[in-house]
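Colleague: give me a model of this one.
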Amino acid sequence: MILPMTATKTERILVVDDEPMVREVVVAYLERDGFDVVEASTGTAALDSVAERRPDLIVLDIMLPEIDGFSVLTELRRSGDVPVILLTARTEEPDRVLGLELGADDYVVKPFSPRELVARVRSVLRRSGGAPVAAEILDFGDLRIDEQTREVYVAGKLVEMTPKEFDLIAFLAKSPRQVFSRGQLLEQVWDSSPDWQDPSTVTVHVRRLRRKIESDPEAPRWITTVWGVGYRFEP
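Modeller: Numbering: from 1, shown residues only. Next comes the predicted model:
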């Protein structure tokens, strides 16, 4: 069954950074692209703004006063799945992996191109339900993926997913047994490429998905690894 989904409202973006100049540039580019933008300069203000303004996506700096970005992200994931793009000057892989493990949907490393950031925002919103898509139900016995409600059930139990986790499992499940490299998944699920984004992004999301849907994540039933190539979904 195919069910159309449409979005008519203007998406609201929360930009969280303690550097006024960074906020000014990011806000200007996002507003120019048609978004409703709100700002916060501290972690505490960010959490207050999320509760009051209910943004559709958050651009979140890691190095923040009062409460750092990792702590803000952890708190956000306790209460919801609003998409989050981390904005950070940290280039070390452990920091990027930590952000993804905590539930970030994407990250941009400073210094960055404002146009690239806007493109990432649009990509994450599109994948999290901000643009029209065809929706259907994918049923594999114990595993059920509902694209209209963006819900995943394992043995009848609802499994909480971040927007990007859902995008990844739905994409793989719609092409069962087809092998995708990490580069292909970056292009198809993240609208990105290995030139922009570290392929370890995919590895981290696959690891998180396995923890959520597999009875034994070390011996996965649904998302298997094809060594030296990539991943595939086993129907």
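
Colleague: care to break the protein down by domain?
Modeller: 8-130, 133-233 (automatic domain parsing).

Colleague: residue ranges of the strands in this protein, please?
Modeller: 3-5, 12-16, 36-40, 57-61, 84-88, 106-109, 133-135, 137-140, 143-146, 151-154, 157-159, 223-226, 230-233 (DSSP state E).

Colleague: what's around residue 116, how many residues?
Modeller: Residue 116 has 13 neighbours, counted by other CB atoms under 10 Å. The way it works is simple: take the backbone N, C-alpha and C, and place the C-beta from them, glycine included.

Colleague: about what we covered before: if I average pLDDT within each of the strands of the chain, which one is lowest?
Modeller: When those are ranked by mean pLDDT, strand 3-5 comes last with a mean of 39.

Colleague: re the thing from before, just the domains of the chain: most buried one?
Modeller: Each of the domains of the chain was scored by mean neighbour count; the highest is domain 8-130, a mean of 18, by mean count of other CB atoms under 10 Å.

Colleague: still on that earlier bit, of the strands of the chain, which approaches residue 188 most closely?
Modeller: Closest to residue 188 of the strands of the chain, according to CB to CB: strand 230-233, at 11.5 Å.

Colleague: relative to the whole chain's centre, how far out is that closest one?
Modeller: Centre-to-centre, strand 230-233 and its host chain are 19 Å apart (CA atoms, centre = their mean, to the nearest Å).

Colleague: what's that strand packed up against?
Modeller: helix 163-173, helix 182-189, strand 223-226 (3 or more CB pairs under 8 Å, 6 or more residues apart in numbering; DSSP states H and E).

Colleague: I'd guessed residue 64 sits against residue 18; true?
Modeller: Yes: assessed by CB atoms under 8 Å, residue 64 is found in contact with residue 18 at 5.6 Å.

Colleague: and for those two, which residues touch both?
Modeller: In terms of CB atoms under 8 Å, 6 or more residues apart in numbering, residue 64 and residue 18 are both contacted by the residues 41, 42.

Colleague: middle-most residue in the chain, spatially?
Modeller: residue 105 (2.2 Å; CA atoms, centre = their mean).

Colleague: quick one: contacts for the spatially closest residue to it that is not a sequence neighbour?
Modeller: Computed as CB to CB, 6 or more residues apart in numbering, the closest residue to residue 105 that is not its neighbour in sequence is residue 164, at 4.3 Å. Shown in contact with residue 164 (CB under 8 Å, 6+ apart): 83, 105, 106, 124, 127, 128, 189, 190, 205.

Colleague: ok, and the closest non-adjacent residue to the fifth one?
Modeller: In space, not counting the residues next to it along the chain, residue 127 is nearest to residue 167; the distance is 4.5 Å by CB to CB, 6+ apart.
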